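**Student:** here is a sequence together with a model predicted from it:
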Amino acid sequence: MTDRWQPSRAGIINVWRYYDEIFSFYQGRLLLRGPNGTGKSKALELLLPYLFDANLRPHRLSTFGSADRTMHWNLMGEGNQGSTRVGYVWLEFQHGEQWFTCGARLQATTNTTNVTATYFTTSLRIGDLALVNEAGRPLTKTDLITAIGDHGVVHASPADYRHTVRTTLFPGVSEQRYDSLITALLQLRTPKLSERLDPSVLSSLLSKALPPLDQSDLTEIAEGFERLDRQREELRRLDEEISTAERLADVQRVYAQRVLGVAARTLESATEQLEDLTRAARMSEHRYQRQITLTDEAFEQLAALGREASAVDAEISGISDLPAYQEGKQLDLLRQQLSAANQRAAEATAHAVKLRARAVADEERAEQAKSDAAARADELRRSAVIAREAAEHAGMPSVFEEIETHADARSGRQLLTAAVESRSTEINSISRAIAAHEKAVDARNAARQRLEETRDELDLATEAEAAAQRTFEQAFAKFRADFDTWAHGCSELNVSEHGEVVEAAARAREEFSRIEARLEETRTALNGQLSQYNSIREKLANQVDVPPPAPYTRDDEYRSHAAGAPLWRLVDFRPGTPLPVRGAVEAALEASGLLDAWITPDNSFGTTDRDRFAEPSLAPPAPGYTLLEVLVTDDERCRRFLEGVAFGDTATGHAVAIGADGTWRLANAHGRWTKDFPTYIGADARKRARAGRIAELTGLIEQLATDLSGVDAALNQIAVRRATLAGEMARQPSNDPIEIAEEQRTKAQLRCAARKDAVAAAAQRVADAEAVVAQHPATTDVPDADALAAFATAAHRWLDDRHDAFTTEALSVEAGSRASTSSALADEAEETTAARQQEAADLAITLETVERAAGSEFQALDQQLITLRAKALALAEERELLQDKQTGLARTLGTLEEKRKIDTARAAEATVVHEAAEARYRHLTSGHLPADAGEVPDEPVDPRLIRDSESRLGAAVHQAQHQLAGRIDLSLDPDDDVTVLTATLDGARMGAHALLQTLQAERDRVRTHITDGERDLFDQTLTGDTRRHIAQRIQGASELVDTMNQRLERVQTASGIRVQLDWQVDPQLPPGTREARDLLLRSDLNDDERASLHQFFRERVEEARAHDSATGWEQQLAQVLDYTTWHQFVVKVDRGEGWVPVTKRVHGALSGGEKAIVLHLPLFAAAAAHYHATPTAPRLILLDEVFVGVDATNRGQLLELLVNFDLDLVLTSDHEWCDYRELTGIAIHQLTTGTDGDDAVTTVRFTWDGHSLTADD
């Protein structure tokens, strides 16, 4: 038992002429031995390496590499008569206590030439897993799946099966190396290898056997280069995106600064207003409460004055009613009138002063409004000039003139907006047209360049096609000559063309098969009859009494142990009964079923349902004659039964009757049969019948034996003809050179056709590109987008100035009108004041005159009354003042209450405004506008500048969308009175500044990754880990070659020939390869040497990339870093004169045995090298017609080498036993076919254990 997988058994079921054969290995070795035609090479084709390869292509199956024998032929050929055939092939491996079986179910039909292969792997051994059912038929696919169950897999495809076999038996072996192993096995399996192998092929086979580079390392490096390519492309794209993002961020920064500046000023203003109004509201509340207190106090004072005035009025009334006073009553009236006149004069004077002050104020305001209107008019003229110049520069003077004619500011602004948007759309359209034109021109130039390249490639492909055609014609001419020579020497085949060979051979085989089938059918029939007659004769010879044939309804097992006997054994004929009557009676009894009816000692009811009984109790004695007239018996129940059966010359009218003429009747059934003599009733009759039958059978048997001899002779003749045909087919010249040449020609033709298609496609792309260029003509007259934006800004400012000028002028006119009105009212009030003063002066003179004329009593009363009236007047004035004060207080209270309400409302409104401004500012600053704006200037922002910035931002976003499309989405979303720019990158939403920073960070990261990646790949990986890995592979390969040579030294032919392998640097490689290889093998490299190695790899990589940029990095690196392509194997031979390379000339000078040794030894070494890297794998070597032409001594040495290499063997030979002491053991299956025409191949197993050869039991 070894510590690796080793083949233990193989089997073939119902394929070709193998119907159920198992080949058992010994120590992992197997020899299939037998004469030609027994199928030893066929077994090799069906098993190995097919069950590793899972490939049904004929040239992979055939040991000769030809396409003559398909798997369909293996199943349906060689005389197979069925329409469908199913077979199995399998291999079993053992590793310690583990088992692994791999196999294939093969099914073919006559309806198609395809073969359906179902592959399976299992841990079960064949035997524990039955591949045939109880009837011996191969399992269906469904039954196979059920049989395997959880112990394996029925694979869905050959690739899955092949993967499982590779990973189980050959862990760690890549698919490419696995394929190389199968190729090596196919090469070794070629019969008479030394006569067919070109020594120049050895270098390639040996190189493929060396351990390859770790694919994971190549994959990692390739992924690194591919990642660098992607990152460089990403870096270029990022630079373009960053350039666009920078322009966009600049425009957005100005816009965001202005938006946030206005928002900040608005919040500051709202805060200040809120503080002022809140303070005013608190002051209003305080004043209102104080006014309430004053109002209440005035009300109390007014009530007290009212009471005091009533008392004075009563006293005045009393004095006024005195007679002395009545005489001077006029004087009192005059005094009252004078007082009233003075009051009116004072009021008129106060009113005139008030109106004059108002007139002066209105005049001052009118002058200021006039000055403001003049300033606005000047500003309007300046902005109009600027707007007109901007319109002319933007090519839109007509738009300005049309707007100028519109007095309505709103309609003018709408016209301006529409015109600017229209012109902006036009500019964008022209810009896209220019970009499309440039893109079309670039595409056209690239298409033209590619067209030239494809034309050059077409020239090369055309030359290669012509060379391949010449090679094919030469190969065909040589094959034609060889074929004609061969065809003339054939006896079974009559062909003139190679294409007729397969059909002619098939016809010949079909003829052989038809004859063989016919003969086999005849032989089978004769053998069947012979076997049947011999069996019957032997039975008759060994059996005393031969019973009548038993019906299928009888239970024979019952009679073997039941009591009783059949009627024919219990009776005999009465002496003297004529022989014809005896024969007729027995015939009637046999035809009616009574002859073999069972008679029991007792009642027969209920004994069994599967027999026929004769029951005497069922029939009364017959009237007249009964069977007792001709039959006698010693059994009482039998006698009673015979009494119940009527007898006469013919069957009578009784229910059960037998006639002497062979007639019979059972109830309403009747019939007739006769025989010349009895064969069952009576011992003598039975003996006589048995002897006659034996003599008849003996004659028939002798005749059948004669007929079989003739059939065997005819079959042997067909076998001779078939062998002749097989020999002729084996000598048929190989058409491999033609197939190879034709394959190369086809490839060249396909490449040429592909290049022609590529040229046509390239030409079409050029034409398409020209058409696209024509569709996008060059445009030179491109409107200036900046001029358009400047015009839009200037025009909006002009419209704003015009609106402000109109408003200021209207306010100036209104102020002048108001000043004139106020002056006229003041003049009128002053005239009224003068009239009131003159009236008071006139009354004063009248009063003075009347006072001089009045008496002393009156004057005393008058003086008293004056005093009282003065007091009353003072009280009235004080009361009036209090009333006025109260009214003023009430009015003031109402005013203060109203003001309090207004101030409170204004404070509430200011709070709302402040909250709104604060929320708005917080909203604006919570997004990305602060980051986009950076530092916001403190100076105030003109709102018109915001519209200008917004217009510029829209144009910038529109332009950037085309350049950033695909990865970055830009959107301008309205947010109340501003527009918010949002960029979406990889699902994240951000502002222009964040976008720029993100892209810059990504660019820096990619740039750093590229720099680090290049340094890692070249400075560390290529000159570090990979260098060490390649150096280890080269050193390991050198050690492996040394090990091969050490083992090859032990083999020396009788003539003294030895073989050696020389692994050297290929001299055909570019300069510098040897130096680089030497540097790889060293670990103490200085900086210059490391730089040189770095440069070597970089140049090789760049060359590979420039040579075929369409190939992936992994393939290119595999080509660049494949150390096996830097070397070549040279097989050297020493014939006693020193080591010389094996050239075709040297090889041709060797004998047949020496050729075999010289070419076998390197191949054995190559096979051992294949298995060197996988310690647990089976180590199979396949050799068909092993060591032909090699003497016995050298064969022993070669087998010893195979043992030293620890190789498992599957060999075939028609004469070799492999019983050499150098070979520690091998199983030998001697293949045989039947000598009686049976085509089945069977084997006899022998075992060589290194000392003796023994046959298995």
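**Tutor:** Right, received. Where do you want to start? Numbers count the residues shown, from 1 in each chain.

**Student:** show me the helices in the stretch 101-250 of the chain, by range?
**Tutor:** 141-148, 158-169, 175-189, 193-196, 201-209, 215-320 (DSSP state H, counting those that start in this stretch).

**Student:** can you tell me which of those helices the model trusts least?
**Tutor:** When these are compared by mean pLDDT, helix 193-196 comes last with a mean of 56.

**Student:** which elements pack onto the strand or helix carrying residue 93?
**Tutor:** According to DSSP states H and E, residue 93 maps onto strand 84-95. In this structure, strand 84-95 packs against strand 6-13, helix 40-47, helix 50-53, helix 71-76, strand 98-109, with contacts taken as 3 or more C-beta pairs under 8 Å, 6 or more residues apart in numbering; DSSP states H and E. (Each C-beta comes from the backbone N, C-alpha and C, glycine too.)

**Student:** let's see 10 Å
**Tutor:** Contact here means 3 or more C-beta pairs under 10 Å, 6 or more residues apart in numbering; DSSP states H and E; on that basis strand 84-95 packs against strand 6-13, strand 21-24, helix 40-47, helix 50-53, helix 71-76, strand 98-109, strand 115-122, helix 158-169.

**Student:** mean neighbour count for these - can I get that in CSV?
**Tutor:** Shown next, in CSV, are these (neighbours: other C-beta atoms under 10 Å):
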stretch, mean neighbour count
strand 6-13, 22
strand 21-24, 19
helix 40-47, 24
helix 50-53, 20
helix 71-76, 22
strand 98-109, 22
strand 115-122, 20
helix 158-169, 18
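
**Student:** go through these and find the least confident stretch.
**Tutor:** helix 71-76 (a mean of 87).

**Student:** just the CA coordinates for that helix, please, in CSV.
**Tutor:** Output of helix 71-76 as CSV, limited to C-alpha atoms (Å, rounded to 0.1, in the frame of the first residue of the first chain):
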residue,chain,number,x,y,z
MET,A,71,-16.5,5.1,-30.0
HIS,A,72,-19.7,4.6,-32.0
TRP,A,73,-18.0,1.9,-34.0
ASN,A,74,-16.7,0.3,-30.8
LEU,A,75,-20.3,0.0,-29.6
MET,A,76,-22.2,-0.7,-32.8
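
**Student:** residue 1076 is in what secondary structure piece?
**Tutor:** Using DSSP H and E, residue 1076 falls within helix 1073-1080.

**Student:** list the contacts of residue 42.
**Tutor:** 12, 15-18, 32, 61-63, 69, 74, 78, 1212, 1231, 1241 (C-beta atoms under 10 Å, 6 or more residues apart in numbering).

**Student:** just those: which are in strands?
**Tutor:** 12, 32, 1212, 1231, 1241 (DSSP state E).

**Student:** do you know how far the closest residue to the first one other than its chain neighbours is from residue 70?
**Tutor:** I take that to be residue 12. Closest residue in space to residue 12, ignoring its immediate chain neighbours: residue 18 at 3.9 Å, by C-beta to C-beta, 6 or more residues apart in numbering. To residue 70, residue 18 is 17 Å away according to C-beta to C-beta, to the nearest Å.

**Student:** follow-up on the earlier one: specify the beta-bridge partners of the residue nearest to residue 12.
**Tutor:** Here residue 18 sits in beta bridges with residue 15, going by DSSP bridges.

**Student:** who's in contact with it?
**Tutor:** Counting by C-beta under 10 Å, 6+ apart, residue 18 has contacts 11-12, 39, 42-43, 46, 74, 87, 89, 1231, 1240-1243.

**Student:** still on that earlier bit, ok, which of the helices of the stretch 101-250 of the chain comes nearest residue 535?
**Tutor:** helix 141-148 (35.2 Å; C-beta to C-beta).

**Student:** packing partners for that closest one?
**Tutor:** Contact here means 3+ C-beta pairs under 10 Å, 6+ apart; on that basis helix 141-148 packs against strand 98-109, strand 115-122, strand 152-154.

**Student:** ok, now with 7 Å
**Tutor:** Other elements packing on helix 141-148 under the criterion 3 or more C-beta pairs under 7 Å, 6 or more residues apart in numbering; DSSP states H and E are strand 115-122, strand 152-154.

**Student:** go through those strands and name the closest to residue 166.
**Tutor:** Of those, the one closest to residue 166 (C-beta to C-beta) turns out to be strand 115-122, at 11.1 Å.

**Student:** that closest one packs against which elements?
**Tutor:** helix 71-76, strand 98-109, helix 141-148, strand 152-154, helix 158-169.

**Student:** what strands flank the shortest one, and is each parallel or antiparallel?
**Tutor:** Meaning strand 152-154. Using DSSP bridges, strand 152-154 pairs in its sheet with strand 115-122 (antiparallel).

**Student:** about what we covered before: now that we have the helices of the stretch 101-250 of the chain, can you turn them into a markdown table and tack on distance to residue 25?
**Tutor:** Listed next are the helices of the stretch 101-250 of the chain as a markdown table, based on distance: least, C-beta to C-beta, whole Å:
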| stretch | distance to residue 25 |
| --- | --- |
| helix 141-148 | 23 |
| helix 158-169 | 15 |
| helix 175-189 | 16 |
| helix 193-196 | 22 |
| helix 201-209 | 24 |
| helix 215-320 | 32 |
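
**Student:** looking at these, which is nearest to residue 812?
**Tutor:** helix 215-320 (27.2 Å).

**Student:** could you give the angle of that closest one to helix 175-189?
**Tutor:** Calculated by axes from the mean of the first three to the mean of the last three C-alpha atoms, to 10 degrees, helix 215-320 forms an angle of 160 degrees with helix 175-189.
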